[in-house]
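# turn this into a structure:
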Amino acid sequence: MNVIVANKYREALTSLDIEVIKSLEGEFSVDEIIETFKNFFFQRMILDITAIKNYKDIKTLQKLSLSLDMDRVILLLDGSPEVTSPEYLSDLISMRIYNFTMNVEGVKYLYDNPNSYRDVAQYHQLDTTHDYGSAPVQQVYTESSSAIIIGVKNITEESGATSLVYLMKKQLERNYDVTAIELDKHDFMYLDDPSLVSVSSMELGNTLSKYSKSNVILVDVNNSPSAESLMNEVLYLVEPSKIKLNKLLAKEPRAFEKYKNKKIILNQSLLSNHDVLDFEYETNTKTFYNLPPLNDQENDNPALDNLLVKLGFLKQETKEQDKKKGLFSMFK
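Model prediction:
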């Protein structure tokens with residue numbers, strides 16, 4: 001079921017042929033919208049931007065994007081110069097807000113055909129610096145870069161993001177030119193691989209530019225929410241041990257609500273298929289992959305190879321000339 005939040009365009013939005021479970025009309029603060037829908041399940045939200053107070057300030061949209069799953073939000077923009085400016089649209093994309101349009105016909109299209117980054121990349125103006133809460137992230141890489149940028153982030157504490165980035169790099173670099181980056185830490189120094197890159201969040205944009213000719217860039221994003229907005233995809237790791245899950249839920253009882261429709265990987269997991277189903281039921285999420293413990297001393301981990309194939313990468317025995325043709329086909 002769907003929800004509609006409308007103000008200036010409420011009459012136009014009544015023409016949408018969709019089932020609506022809840023609708024709001026008027027002008028609301030971003031906090032009011034978040035409080036109303038943060039625990040409310042919906043398939044799509046059609047959001048008239050004029051229904052948001054102070055919507056011309058991009059930080060208002062940033063606050064919304066940190067609290068709601070923007071992959072399920074279709075943003076109907078008004079025709080004001082501020083909102084239609086290249087800078088504003090670029091900032092929306094930096095916050096992973098890809099489903100925006102300026103007419104109801106566009107809303108109808110996006111309802112059935114949601115955008116990915118590649119659909120809106122032409123609006124992404126780089127060579128800019130953004131400050132979204134914690135540390136600002138410099139964006140100086142160019143959209144002509146062919147690199148696929150994948151972030152890896154722990155949901156439960158110390159769930160193995162650093163090690164997984166390292167192992168993914170080893171597995172992928174047989175077929176691809178791969179760069180691995182960690183943010184705001186120096187754990188890579190213990191892996192004895194001089195090609196691994198450790199930088200601060202502030203340096204991420206410059207670093208992405210430096211390695212933009214790579215086929216794949218893997219990023220251990222650690223605790224940098226602004227860095228997540230620069231990824232083509234983010235993998236969220238959960239170590240499904242009782243102690244790790246209980247620690248997370250004791251600190252944040254509704255922790256998994258913000259990860260609905262995200263790519264959750266059960267990492268270092270010994271769960272059976274039945275156990276995975278129980279986990280999904282209890283957390284109201286969908287598991288993308290159940291990854292067993294891996295041996296970081298091995299040069300080949302078949303279980304990891306299966307994960308990479310599911311992500312769209314080619315199998316390691318694929319011929320050299322077919323590399324780019326199949327690269328990360330999920331983004332086509």
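# how about the strands in this protein?
Listed in chain order, the strands of the chain (DSSP state E) span 2-6, 20-25, 44-48, 73-76, 100-101, 128-130, 137-139, 148-154, 178-183, 197-199, 216-220, 233-238, 263-266, 287-290.
# the domain parsing of this protein - what is it?
Annotated domains of the chain cover 2-125, 137-331 [automatic domain parsing].
# point out where the chain drops to low pLDDT.
Under the criterion pLDDT under 70, the flagged ranges of the chain are 125-146, 314-332.
# go again with 80.
Within the chain, the segments meeting pLDDT under 80 span 94, 117-118, 121-146, 202, 225-226, 229, 299, 314-332.
# any idea which residue of it is furthest from its center?
E11 (32.8 Å; CA atoms, centre = their mean).
# measure it to K53 for me?
21 Å (CB to CB, to the nearest Å). For glycine as for every other residue, the C-beta is placed from the backbone atoms N, C-alpha and C.
# equivalent analysis for N222, please.
Distance from N222 to K53, by CB to CB: 33 Å.
# more neighbours: these two, which one.
Just comparing N222 and K53: by other CB atoms under 10 Å the higher neighbour count belongs to N222, 18 against 15.
# E157 is in contact with the more buried one, correct?
No - counting by CB atoms under 8 Å, N222 does not reach E157; the two are 11.8 Å apart.
# ok so, going back, tell me which of the strands of the chain sits most buried.
Across the strands of the chain, averaging neighbours per residue (mean count of other CB atoms under 10 Å) puts strand 216-220 on top, at a mean of 26.
# work out the sheet partners of that one and label each with its direction, please.
Strand 216-220 sits in its sheet next to strand 148-154 (parallel), strand 178-183 (parallel), going by DSSP bridges.
# quick check, distance from that strand to the centre of its chain.
Per CA atoms, centre = their mean, to the nearest Å, the displacement of strand 216-220 from the mean C-alpha position of its chain is 13 Å.
# now swap in stretch 103-119 and tell me
18 Å.
# now swap in stretch 284-296 and tell me
From the chain centre to the centre of stretch 284-296 is a distance of 18 Å (CA atoms, centre = their mean).
# what about dumping the CA coordinates of it to PDB?
Once non-C-alpha atoms are left out, stretch 284-296 reads as follows in PDB (Å, rounded to 0.1, in the frame of the first residue of the first chain):
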ATOM      1  CA  ASN A 284      11.100  -8.100   9.300                       C
ATOM      2  CA  THR A 285      14.000  -7.900   6.800                       C
ATOM      3  CA  LYS A 286      15.200  -9.900   3.700                       C
ATOM      4  CA  THR A 287      18.600 -11.400   3.700                       C
ATOM      5  CA  PHE A 288      20.600 -10.900   0.500                       C
ATOM      6  CA  TYR A 289      23.200 -13.600   1.300                       C
ATOM      7  CA  ASN A 290      24.200 -15.900   4.100                       C
ATOM      8  CA  LEU A 291      28.000 -15.900   4.200                       C
ATOM      9  CA  PRO A 292      29.800 -18.500   6.300                       C
ATOM     10  CA  PRO A 293      33.100 -17.800   8.100                       C
ATOM     11  CA  LEU A 294      35.900 -17.400   5.500                       C
ATOM     12  CA  ASN A 295      39.600 -18.300   5.800                       C
ATOM     13  CA  ASP A 296      41.600 -15.100   5.100                       C
END
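# neighbouring contacts of it?
Residues outside stretch 284-296 that contact it (CB atoms under 8 Å, 6 or more residues apart in numbering): 163-164, 166-167, 235, 256-257, 259-271, 273, 276, 279-280, 301, 303-304, 306-307, 310.
# check stretch 84-101 too.
The contact list for stretch 84-101 (CB under 8 Å, 6+ apart) reads 58, 61-62, 65, 70-71, 73-77, 82, 102, 107, 109-110, 114-117, 119-121, 123-126, 128, 130, 132, 139, 228-230.
# before we move on, the earlier item: turn the strands of the chain into CSV, including distance to G205.
Shown next, in CSV, are those (distance: least, CB to CB, whole Å):
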stretch, distance to G205
strand 2-6, 33
strand 20-25, 37
strand 44-48, 29
strand 73-76, 25
strand 100-101, 23
strand 128-130, 8
strand 137-139, 4
strand 148-154, 11
strand 178-183, 12
strand 197-199, 10
strand 216-220, 12
strand 233-238, 17
strand 263-266, 24
strand 287-290, 28
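# right, and the ones you listed - which one's nearest Q171?
The stretch from these with the least distance to Q171 (CB to CB) is strand 178-183; that distance is 9.1 Å.
# please state the offset of the closest one from the chain centre?
Computed by CA atoms, centre = their mean, the chain-centroid distance of strand 178-183 equals 17 Å.
# list the contacts of the closest residue to T283 other than its chain neighbours.
Among residues not flanking T283 along the chain, F256 sits closest, at 4.2 Å (CB to CB, 6 or more residues apart in numbering). Residues near F256 by CB under 8 Å, 6+ apart: 155, 283-285.
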